[in-house]
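sequence first, predicted model second:
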Amino acid sequence: MKRTHYLPVLALGLLTLGGCANTDTYSGDVYSGSQAKTGQRVTYGTIVSVRPVQIQGGDQNSGVLGGLGGAVIGGLLGNQIGGGSGRTIATAAGAIGGSVAGKKVEDTANKTDAWELEVRRDTGDSVIVVQKADRNWQAGQRVRLIGSGANMSVAPY
């Protein structure tokens, strides 16, 4: 009986795609399509503190691709063990273990290093903005705060 080996390769490829999430959307240098050609509010301030954090990317379907890909790979690997009912049990156990491992891999791949920036505005109030760690920030640095509410980014002044 000839076994096909393209299924593990396909499943591994799907699992790998989970790590291809676009993290540039967390950068202060990237605008969404809805922000383009719209007026943005600008205020000025001074960074009070900088703390390294991580952004966990994903949405309500987070982990699905990794979980499914891991289940397929685990099931295929488990299916290579034993025979009869032992093979069935090994296939099921491999699928369950692969699903858990695949979700963990995807969750880890979807983390982005970021900065939590506390900025004291010139008006006296403070605001905290979390954005991708794609530039070095220092306490005491003057900055521009662009946008408001949920759509705010910090840029050099």
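Nice, thanks for sending it over.

domain map for this protein?
Taking automatic domain parsing as the criterion, the chain consists of the domains 1-23+58-109, 31-57+111-157.

by mean pLDDT, show me the worst of those domains.
Of all those, the segment with the smallest mean pLDDT is domain 1-23+58-109, scoring a mean of 64.

now the longest strand anywhere in the chain, how far from the centre of its chain.
Secondary structure of the chain per DSSP state E: the longest strand is strand 42-56. Between the centre of strand 42-56 and the centre of its chain there are 19 Å (C-alpha atoms, centre = their mean, to the nearest Å).

for stretch 142-153, which outside residues touch it?
Contact partners of stretch 142-153, identified using C-beta atoms under 8 Å, 6 or more residues apart in numbering, comprise 28, 32, 35, 40-47, 117, 119, 121, 127, 129, 131, 137, 154-157. C-beta coordinates here come from the backbone N, C-alpha and C atoms, glycine included.

how about a cut-off of 6 Å?
The contact list for stretch 142-153 (C-beta atoms under 6 Å, 6 or more residues apart in numbering) reads 28, 40-44, 46-47, 129, 131, 154-155, 157.

and the buried ones among those, selectable in ChimeraX?
Restricted to the buried members of the contacts of stretch 142-153, where burial is judged by 16 or more other C-beta atoms under 10 Å, the ChimeraX selection command reads as follows:
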select :28,43,47,129,131,154
